[in-house]
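**Student:** Please work out how this folds:
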Amino acid sequence: MDQRLLHIAENLENMIIDPNEPFRFHCTQCGKCCEHREDILLNPQDLFRMAKFLKQSPADVVNHYCEVYIGPDSRIPIVRLLPEGPTKRCPFLVRNKCRIHEAKPTVCAMFPIGRAQRFDFHTRKPLPGIIYILDKPPCGDESETHTVREWLDGFHIPVEDPFYLEWSEATMLFSESFQKLEKINPAATAMLVFPAVYEHLYLAYRTDEEFLPQFQENLKKTKEFFQSLLNALGE
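**Tutor:** Next up is the predicted model:
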């Protein structure tokens, strides 16, 4: 776990903020939050929005700006923006401004707000609601006051984001499924299952159609795919 995530994990309870609670922050467009970033991970919705904005396919965006790997702990497909240059800056940072501002990744749009989904330790089922956190950033100033709800609304992100809730639950389920399959046949899982799941979850979208119905259909197919494999293996 990198130092930033470790800091959040160790201080989570003190960083939680209610959606209607005010906080002070003003972006001064210094570009610092876009440098020394090797942790900008994209979910399928991020990739879809970026592809639509850039008039490319999701696969093209990945090929031009990202890398794909197996999560070392989760074992699920991870898509990460590849930083550039000695300052490890985001590839879309141009003169301290975001070239895809209207379609920037959710983690960037929400900054300095973060969010998380909690799960029951025993059942692995999601607990109700999304928790929001505020980690005071080293950039910007405090000349503006916002509520979390208002801040998210600026990028059309609902507080009870249906995509995020479905995605969080699915990644937990798929993580468990991948780990079961790897115990049985790690080579086949890496060479056959991983590419198929990555394709369904991240790439199989038409940008001229609505995202959420496509995502839900792809999610259904992926769950059925895993279940058929596990059934065939007697799991």
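**Student:** Can you report how many residues lie near Ala103?
**Tutor:** The burial count assigned to Ala103 is 18, neighbours taken as other Cβ atoms under 10 Å. Quick note: C-beta positions are derived from backbone N, CA and C, even for glycine.
**Student:** Distance-wise, check the residue nearest to it when sequence neighbours are not counted relative to Leu47.
**Tutor:** Once flanking residues are discounted, Ala103 sits nearest to Phe53: 3.6 Å by Cβ to Cβ, 6 or more residues apart in numbering. From Phe53 across to Leu47, the span is 11 Å (Cβ to Cβ, to the nearest Å).
**Student:** So those two - more neighbours on which side?
**Tutor:** Taking other Cβ under 10 Å, Phe53 and Leu47 do not tie; Leu47 has more neighbours (24 against 16).
**Student:** The more buried one is in contact with Ile78, isn't it?
**Tutor:** No. Applying Cβ atoms under 8 Å as the test, Leu47 and Ile78 come out as separate, 11.9 Å apart.
**Student:** got a list of what the residue nearest to the spatial centre of the chain touches?
**Tutor:** Nearest to the geometric centre of the chain sits Asn43, at 3.9 Å (Cα atoms, centre = their mean). Listed by Cβ atoms under 8 Å, 6 or more residues apart in numbering, the contact partners of Asn43 are 106, 163-164, 167.
**Student:** which residues of this structure fall in helices?
**Tutor:** With helices called from DSSP state H, the chain shows them at 3-15, 44-54, 58-65, 106-110, 148-153, 162-184, 186-188, 194-198, 211-232.
**Student:** now the angle from the third one to helix 44-54?
**Tutor:** Right, helix 58-65. With axes from the mean of the first three to the mean of the last three Cα atoms, to 10 degrees applied, the angle from helix 58-65 to helix 44-54 works out at 80 degrees.
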